[in-house]
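Undergrad: Give me a model of this one.
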Amino acid sequence: MRYSEGFRNSVLRKVLPPESRSVYVVAKEMGVSPMTIQNWLGRVKDGRMTLSSESAEPTPSGRGASEKLRLLLESRSLTEGQKGDWLRRHGMHTEHLTLWEQELEGIVTDKQQNLKQENSELKKENKDLKKELARNQAAMAEALALLTLKKKADRLLGSDEEV
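TA: Below is the predicted model of the structure:
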């Protein structure tokens with residue numbers, strides 16, 4: 001079985017100082033064979049493997065929303081037997097999936113509420129603009145009627161204004 005570098009680093013940090021926890025306790029907690037952890041420790045001591053402080057793979061909390069959604073959908077297609085392997089490869093626990101699902105539901109809900117609010121604001125603005133347009137059209141019609149009446153009156157009365 002192949003584990004991600006991030007997962008290996010997190011396991012090794014638990015058994016190495018400053019935490020210095022028991023290999024067997026960590027193995028049981030993380031679902032890894034104690035022998036595997038012993039092998040990793042041996043490689044670190046021999047210099048064949050380095051314990052990087054910054055893993056190449058992002059931590060579960062450091063992943064973006066699109067990646068979280070992709071991983072959630074990918075996990076849905078796995079059987080329970082395959083899911084443990086898959087989670088270890090990606091350096092995650094089952095509770096990450098639950099938390100991400102809740103987080104993504106919150107994002108969608110917030111987005112829907114924002115869209116509803118924006119929609120109602122746009123409807124109100126549209127209504128106000130229609131009222132203003134109607135007032136402007138009425139004012140222009142009145143001005144046109146007055147101008148037409150003035151021209152007719154000038155023709156009838158024979159206005160002698162020189163400009």
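
Undergrad: and the residue nearest the centre of the chain, what does it touch?
TA: Centroid-nearest residue in the chain: Ala65, 4.1 Å away (criterion: CA atoms, centre = their mean). With contact taken as CB atoms under 8 Å, 6 or more residues apart in numbering, Ala65 is in contact with 103-104, 107. (Glycine included, C-beta is placed from N, CA and C.)

Undergrad: please redo it, this time with the cut-off set to 10 Å
TA: Counting by CB atoms under 10 Å, 6 or more residues apart in numbering, Ala65 makes contact with 100, 103-104, 107.

Undergrad: ok, of these, which come out buried?
TA: Buried members of the contacts of Ala65, scored by 16 or more other CB atoms under 10 Å, are Trp100.

Undergrad: Tabulate the contacts of Ala65 (TSV), appending distance to Gly84.
TA: What follows is the contacts of Ala65, written out as TSV (distance: CB to CB, whole Å):
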residue	distance to Gly84
Trp100	17
Glu103	22
Leu104	23
Ile107	28
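
Undergrad: sorry, back to before: would you list the phi and psi of the residue nearest to the centre of the chain?
TA: Main-chain torsions, Ala65, degrees, to the nearest 10: phi -60, psi -40.

Undergrad: quick check: domain ranges of the chain?
TA: 1-57, 60-155 (automatic domain parsing).

Undergrad: right, so those domains: which one is the most enclosed?
TA: Most buried of the domains of the chain by mean neighbour count (mean count of other CB atoms under 10 Å) is domain 1-57; its value is a mean of 14.

Undergrad: just checking, what packs against the helix or strand hosting Ala139?
TA: Here Ala139, judged by DSSP states H and E, is contained in helix 94-157. Using 3 or more CB pairs under 10 Å, 6 or more residues apart in numbering; DSSP states H and E, the elements in contact with helix 94-157 are helix 65-76, helix 80-89.

Undergrad: Show me the one of those helices that comes nearest Lys28.
TA: Across these, Lys28 has its closest neighbour in helix 80-89 (13.8 Å, CB to CB).

Undergrad: ok and the closest one relative to helix 94-157, angle-wise?
TA: Orientation note: helix 80-89 sits at an angle of 80 degrees relative to helix 94-157 (axes from the mean of the first three to the mean of the last three CA atoms, to 10 degrees).

Undergrad: From Ala134, how far off is the residue nearest to the centre of the chain?
TA: 45 Å (CB to CB, to the nearest Å).

Undergrad: same question, Val32
TA: Taken as CB to CB, the span from Val32 to Ala134 is 73 Å.
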